[in-house]
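> coords below, sequence missing:
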């Protein structure tokens, strides 16, 4: 008789003792469990080793699994009805309920200290698999039958009686508990129970976690450097939605600014590195002209903002002068002589006039000049000055005219220029030009120093204290 392939598979899975017991059992079934007829002239009485009764008929011989006795005599009745060990297959006088089976005393002695299966909670009688938790070192045992019948956790691969759904994964209870305390991946939204990379959110200082799989599968945002599944293609770059909402456009070229930007305190707009470094500065406001500067006939380049409010006709200049003089007379009683002429002058002409005007800065082309002849004034300004700049220039020059009309030889340049800037600041504040007024406050030259000095006098002595400067000077002459 041949041993079947199924029998070999069973043998390979069992431990050494079980292998020996199995071989004995197979051997008994193949060779020993042979019926012997009782000899008619037998002089010896045979007793059955199971029931203890005298054998009067056919009997069987086998190896005794529960003792060291080589041969067991079994009557035909016990051979058919006596219980057998569910592990080794041998006949039993008494059965031990152990590991969910009825086993003989020999097997019980062998398996009594065997590990307990973590799934069925029974002592393991045969092959098993041992698992060790890499985190806490806890050892688990799973019997071969439970290993075959039970589903495995998708993370630790350990068989489990029941699995818990977590983010599309089926996990054992242990891994599910770990998942609750683990960081969640920003992209796949699943708890990370393996390696990951963390990033710092610069906006709110929060920590962002991304699992290794998502790092491999998705590109990084060009701005924040964090991988994302919904990147937006923009100007040849990829940007995440969060960074996209915070992007600003360059005031000079209207392109999005990804990282480095330039901002001037006098203006709310920002500029990209290209416009800041590679375009001209406006000859009026000093800001980058951007991609589309306006070139004037006199060679100046101005930005589109300045050009949009540029005063191009002399009638508009006269109207602005009337508004400036009206405000200063009404608010501060700063009347001066009549204006004879108001006209535009080319840059070369303004340069020449500036050199001849005692109060004008040397080497600097003035934006406007009040030229006095007797009791009359001539007003000369550059063409294409933006509206607010022109109003400020007219107020500044008007203040100079006021001072020198009251004190013709006034020679305190710091007070003279400071007062003119102080009046310009009042005028710009009146028309709502906060940027222009702020620019005056930021100056660090003689104009800025003079403005701060006049402002301090106003703070301590009021308006009368400011205008008294010129009355006192006049009275000392």
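That came through fine. Being a predicted model, the structure only gives us computed values, none of them experimental.
> Next, the buried residues of stretch 158-168.
The neighbour-count check on stretch 158-168 (16 or more other Cβ atoms under 10 Å) flags 158-160, 163, 166 as buried. Where C-beta positions appear, they are placed from N, C-alpha and C, glycine not excepted.
> now swap in stretch 441-461 and tell me
Judged by neighbour count using 16+ other Cβ under 10 Å, the buried positions of stretch 441-461 are 447-448, 450-455, 457.
> what residues does it touch?
Around stretch 441-461, the neighbours that count as contacts under Cβ atoms under 8 Å, 6 or more residues apart in numbering are 265-266, 413-422, 425, 440, 465-466, 468-469.
> Show the buried residues in these.
The neighbour count (16+ other Cβ under 10 Å) marks 266, 415-422, 425, 440, 466, 469 as buried among the contacts of stretch 441-461.
> And the furthest pair within those?
Largest separation among the buried ones among the contacts of stretch 441-461 by Cβ to Cβ: 266 and 469, giving 28.4 Å.
> what's residue 325 sitting at in phi/psi?
phi -60, psi -40 (degrees, to the nearest 10).
> so who does the most centrally placed residue in the chain touch?
In the chain, the centroid-proximal residue (Cα atoms, centre = their mean) is residue 201; its distance is 4.0 Å. Residue 201 makes contacts with 207-208, 224, as judged by Cβ under 8 Å, 6+ apart.
> thinking again about what came up before, so which of the buried ones among the contacts of stretch 441-461 sit within strands?
Among the buried ones among the contacts of stretch 441-461, no member falls in strands (criterion: DSSP state E).
> which one of these sits closest to residue 239?
Among the buried ones among the contacts of stretch 441-461, and counting by Cβ to Cβ, the member closest to residue 239 is residue 266, at 29.6 Å.
> quick one: pLDDT of residue 29?
Reading off the per-residue confidence, residue 29 sits at a pLDDT of 45.
> now residue 139
Reading off the confidence values, residue 139 has pLDDT 86.
> Next, count neighbours for the closest residue to it other than its chain neighbours.
Nearest in space to residue 139, with sequence neighbours left out and distances taken as Cβ to Cβ, 6 or more residues apart in numbering, is residue 132 at 5.3 Å. The burial count assigned to residue 132 is 11, neighbours taken as other Cβ atoms under 10 Å.
> Can you give me the domain boundaries for the chain?
Following automatic domain parsing, the chain resolves into domains at 5-111, 128-181, 196-244, 256-307, 309-476.
> Include distance to residue 187 when you put these into a markdown table, please.
Listed next are the domains of the chain as a markdown table, based on distance: least, Cβ to Cβ, whole Å:
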| stretch | distance to residue 187 |
| --- | --- |
| domain 5-111 | 44 |
| domain 128-181 | 12 |
| domain 196-244 | 4 |
| domain 256-307 | 21 |
| domain 309-476 | 43 |
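> Just give me the lowest mean pLDDT stretch among these.
Lowest mean pLDDT within these: domain 5-111, at a mean of 69.
> Could you check how far residue 127 is from residue 148?
Using Cβ to Cβ, to the nearest Å, one gets 11 Å for the distance from residue 127 to residue 148.
> list the residues that contact both of those two?
Shared contacts of residue 127 and residue 148, counting by Cβ under 8 Å, 6+ apart, come down to nothing at all.
> For these two, indicate the residue with more neighbours.
Set side by side, residue 127 and residue 148 give different neighbour counts by other Cβ under 10 Å, the larger being at residue 127 (15 against 9).
> The residue nearest to the centre of the chain and residue 214: what is the separation?
From residue 201 over to residue 214 the distance is 16 Å, taken as Cβ to Cβ.
> of the domains of the chain, which approaches residue 120 most closely?
Closest of those to residue 120 is domain 128-181, at 5.4 Å (criterion: Cβ to Cβ).
> gap between the closest one and the chain center?
33 Å (Cα atoms, centre = their mean, to the nearest Å).
> Helix or strand for residue 125, just tell me which one.
Secondary-structure assignment from DSSP states H and E places residue 125 in no helical or strand segment.
> ok, for it, nearest residue in space, not its chain neighbours?
Counting by Cβ to Cβ, 6+ apart, residue 99 is the residue found nearest to residue 125 once chain neighbours are left out, at 4.3 Å.
> Give me the number of neighbouring residues for the one you found.
Residues contacting residue 99 under the criterion other Cβ under 10 Å number 23.
> repeat for residue 397
Residues near residue 397, counting by other Cβ under 10 Å, number 28.
> That one contacts residue 379, correct?
Yes - between residue 397 and residue 379 there is a contact at 7.2 Å, judged by Cβ atoms under 8 Å.
> tell me, what's touching the two both at once?
When Cβ under 8 Å, 6+ apart defines a contact, the residues bordering residue 397 and residue 379 alike are 368-370.
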